[in-house]
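> could you work out the structure for the sequence below:
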Amino acid sequence: MTGGFPRVFLNPQPFMGRRVSTDCSRRAGLLALAGALTAAVPRRGLAAEPGVLRIETIQSEPFGRTGPQGPGGLMYDIGQLIAQRAGLPSENHLVPYARTVLSLQNGTADMVLRFSNDELKQVAVQVAAVLGLPTVVVSRRDAPVQRLDELSRLTLAVPRSFPMPEVLSRMGGVRVQPVNNNEHAMQMLMGRRVDAAYGSNLGLFAAARGLGYRMQEFAAPIAVDRQYFWLHLARSSATPELVERLARAVESLHRDGSIARLYQRVLDDFGDDRMPV
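Residues are numbered from 1 along each chain as shown. Model (predicted):
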């Protein structure tokens with residue numbers, strides 16, 4: 001999606017402490033969605049008798065990782081904050097990217113924060129936009145891709161299930177190489193098996209750093225689009241009450257700058273080895 005911030009029934013702006021605009025019809029929108037969900041979703045689980053909110057976080061830098069202090073990462077920490085702000089006890093597990101759809105589908109997870117796609121929309125309700133990230137095309141410094149039209153004769157690594165924008169999907173001659181994740185994409189790029197990689201700025205460059213590459217080894221990325229991490233709630237868990245409760249928690253975290261501060265902390269962690277711009 002290009003242009004302004006996507007809207008379901010909230011209008012948060014999750015960037016760098018920018019103040020969130022409020023919508024006087026927000027309550028009406030919440031109630032309307034709640035009514036629609038009442039008709040479409042079985043009423044069971046957390047909303048009737050609040051229990052443990054089962055969260056799954058994608059295991060990929062910098063979004064979800066394990067370390068000496070235990071699990072953490074940008075989306076792991078945001079998921080924890082959402083549950084706390086909603087007043088819900090939770091458990092949060094790191095899982096491979098592809099597993100999240102299956103977990104929501106089979107009912108072993110309630111909530112996932114990740115980029116959306118058609119497959120995910122079939123098994124989960126999009127509750128609220130959590131964080132928007134620029135998507136970029138990254139190439140090697142010694143073989144730079146400087147314009148998108150140069151891709152028409154090149155090979156591009158794209159993580160499986162990552163949403164492709166129209167500007168790339170409609171471009172003729174691009175040889176798309178599906179890969180498992182951001183780490184795999186950067187391994188393929190630096191191993192000279194592909195000419196460029198496509199993904200989010202944080203995802204690709206954090207993966208590269210985790211593999212031991214310096215940011216100076218990459219050409220300036222080409223900005224393509226902006227994709228959003230959404231709070232996805234399993235349809236089997238998405239009662240109107242729970243949807244509203246989580247949506248209000250996300251809105252509150254945008255309003256007080258909590259999500260923006262976590263995002264800035266991740267950017268600051270790059271230190272002197274900054275992402276190319």
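> distance of the residue lying closest to residue 129 once chain neighbours are set aside from residue 128?
Excluding its sequence neighbours, the residue lying closest to residue 129 (Cβ to Cβ, 6 or more residues apart in numbering) is residue 228, at 4.8 Å. Any C-beta I mention is one placed from the backbone N, CA and C, and that applies to glycine too. Counting by Cβ to Cβ, to the nearest Å, the separation of residue 228 from residue 128 is 10 Å.
> one step back: which helices and strands does the strand or helix carrying the residue nearest to residue 129 pack with?
With secondary structure defined by DSSP states H and E, residue 228 is part of strand 222-234. Strand 222-234 sits against helix 99-106, strand 111-115, strand 124-138, helix 166-169, helix 240-255, with contacts defined as 3 or more Cβ pairs under 8 Å, 6 or more residues apart in numbering; DSSP states H and E.
> got the buried residues for that strand?
For strand 222-234, a neighbour-count test (16 or more other Cβ atoms under 10 Å) marks 222, 224-234 as buried.
> what mean pLDDT does that strand have?
On average, the pLDDT along strand 222-234 is 95.
> ditto for stretch 179-198
Across stretch 179-198, pLDDT averages out at 96.
> and it, how far apart are its ends?
One end of stretch 179-198 sits 11 Å from the other (Cα to Cα, to the nearest Å).
> buried ones in it?
Result for stretch 179-198 [16+ other Cβ under 10 Å]: buried residues 179, 181-190, 194-198.
> which members of the residues you listed occur in strands, if any?
179, 196-198 (DSSP state E).
> what about residue 68, distance to residue 55?
Distance from residue 68 to residue 55, by Cβ to Cβ: 22 Å.
> quick one: which of those two has more around it?
residue 55 (22 against 4; other Cβ atoms under 10 Å).
> beta partners of the nearest residue to residue 226 once chain neighbours are set aside?
Among residues not flanking residue 226 along the chain, residue 132 sits closest, at 5.1 Å (Cβ to Cβ, 6+ apart). On the basis of DSSP bridges, residue 132 is bridged to residue 228.
> correct me if wrong: residue 132 contacts residue 230.
No: between residue 132 and residue 230 there is no contact, the gap being 10.1 Å when judged by Cβ atoms under 8 Å.
> pretty sure residue 202 sits in a strand.
No: counting by DSSP: H, G, I helix; E, B strand; the rest coil, residue 202 falls outside a strand, being helix.
> so who does it touch?
Counting by Cβ atoms under 8 Å, 6 or more residues apart in numbering, residue 202 touches 62-63, 74, 133, 266.
> ok, residue 201 to residue 266 distance?
Computed with Cβ to Cβ, the distance linking residue 201 and residue 266 is 11 Å.
> ok now the strand holding residue 228, how far from the chain's centre?
5 Å (Cα atoms, centre = their mean, to the nearest Å).
> per-domain residue ranges of this structure.
26-132+228-269, 134-225 (automatic domain parsing).
> among the ones you listed, which is nearest residue 276?
Set against residue 276 and scored by Cβ to Cβ, the domains of the chain come closest in domain 134-225, at 5.0 Å.
> ends of that closest one, what's the gap?
Termini of domain 134-225 sit 6 Å apart (Cα to Cα).
> which is the next helix or strand following the lowest-mean-pLDDT helix or strand in the chain?
Across the helices and strands of the chain, mean confidence by mean pLDDT, DSSP states H and E is lowest for helix 26-40: a mean of 43. Later in the chain than helix 26-40, the nearest helix or strand by DSSP H and E is strand 53-58.
> and that next one, which strands flank it?
Take DSSP bridges as the rule and strand 53-58 pairs in its sheet with strand 90-95 (parallel), strand 111-115 (parallel).
> retrieve the pLDDT associated with residue 155.
97.
> who does it bridge with?
residue 175.
> what sits against the closest residue to residue 207 other than its chain neighbours?
Spatial nearest neighbour of residue 207, excluding adjacent residues (Cβ to Cβ, 6+ apart): residue 182 at 3.8 Å. Listed by Cβ under 8 Å, 6+ apart, the contact partners of residue 182 are 60-61, 159, 197, 199, 203-204, 206-207.
> would you mind measuring from residue 182 to residue 210?
Residue 182 sits 9 Å away from residue 210, going by Cβ to Cβ.
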